[in-house]
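> Coordinates only, no sequence provided:
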């Protein structure tokens, strides 16, 4: 695992071809879907920049780019709900990543729920289908 | 099923609360993840605008907004690989949708593969893990 301050691109040049092939958007980001490697549940969608993907590959845990905070976000850094990387996929267009993860604590959402996708449709609007654990 | 030219927002006002609650981005879009309702496989990520989501709810099939063609895209309209909507979820932040779909033909990707996420990491770059059917 690289030290936090290291440049993962230069310290791990083997990842350069993976980073180069991604079609980053105008903001230098791509969406990354996290899926539970065991259950197959879709846990969340977040964003990655080049450094976040490099760190994810180096550290074997999900590292995202927080658009609201404009900084790297090591998933679980505060909550402990780390996502260990089991595998990763790039889609046909090269502009979306799929992370297969082991979700520590079984809780991916900052609301304390297993998945962020807990709102289901009703006639009156979205309804919460699952309470926090 | 509404006629193609109908306004799904006015002809089906029950969906208005669902549409209003979504946090559309600056372009009026949100990412929508399609997951196979049976196998749990993540099939693809595409984008929806307000009309695409309304049509998806009305027609019970995935309708996306094609950013490259700047038009509505009824998934499968050319290939026949329609995605029948089984259920839908909105995430905690209200800015990502998860569609649970029945994938006609078992092929979601325009390349002829079951899923768009067929590139896996190797030392030399992304490698195709699955050939078209």
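Sure, I can see it. As the structure is a prediction and not an experimental result, all values here were calculated from the model.
> ok, which stretches of chain A are helices?
Secondary structure of chain A, counting by DSSP state H: helices at A:8-11, A:16-21, A:50-59.
> nearest to residue B:130, of those helices?
helix A:16-21 (17.2 Å; CB to CB). No exception for glycine: its C-beta is placed from N, CA and C like everyone else's.
> can you give me the offset of the closest one from its chain's centre?
The chain centroid and the centroid of helix A:16-21 are separated by 18 Å, computed with CA atoms, centre = their mean, to the nearest Å.
> Also stretch A:81-96?
Relative to its chain's centre, stretch A:81-96 lies at 7 Å (CA atoms, centre = their mean).
> With mean neighbour count as extra columns, can I get the helices of chain A in a markdown table?
Listed next are these as a markdown table, based on neighbours: other CB atoms under 10 Å in any protein chain shown:
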| stretch | mean neighbour count |
| --- | --- |
| helix A:8-11 | 15 |
| helix A:16-21 | 14 |
| helix A:50-59 | 21 |
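> Among those, show the one with the smallest mean pLDDT.
Of all those, mean pLDDT reaches its minimum on helix A:8-11 (a mean of 58).
> Quick one: residues contacting residue A:94.
A:21-23, B:119 (CB atoms under 8 Å, 6 or more residues apart in numbering or on different chains).
> Quick check on these: which are buried?
The neighbour count (16 or more other CB atoms under 10 Å in any protein chain shown) marks A:22, B:119 as buried among the contacts of residue A:94.
> The contacts of residue A:94: which two are farthest apart?
Greatest spatial distance among the contacts of residue A:94 (CB to CB): A:23 and B:119, at 11.9 Å.
> thinking again about what came up before, nearest to residue B:128, of the helices of chain A?
Closest approach to residue B:128 among those (CB to CB): helix A:16-21, 11.9 Å.
> Contacts made by the closest one with the rest, please.
With CB under 8 Å, 6+ apart, helix A:16-21 has contacts from A:9, A:50, A:53-54, A:57, A:90, A:94, B:121, B:123-126.
> one more time with 6 Å, if that's ok
The contact list for helix A:16-21 (CB atoms under 6 Å, 6 or more residues apart in numbering or on different chains) reads A:50, B:121, B:124-126.
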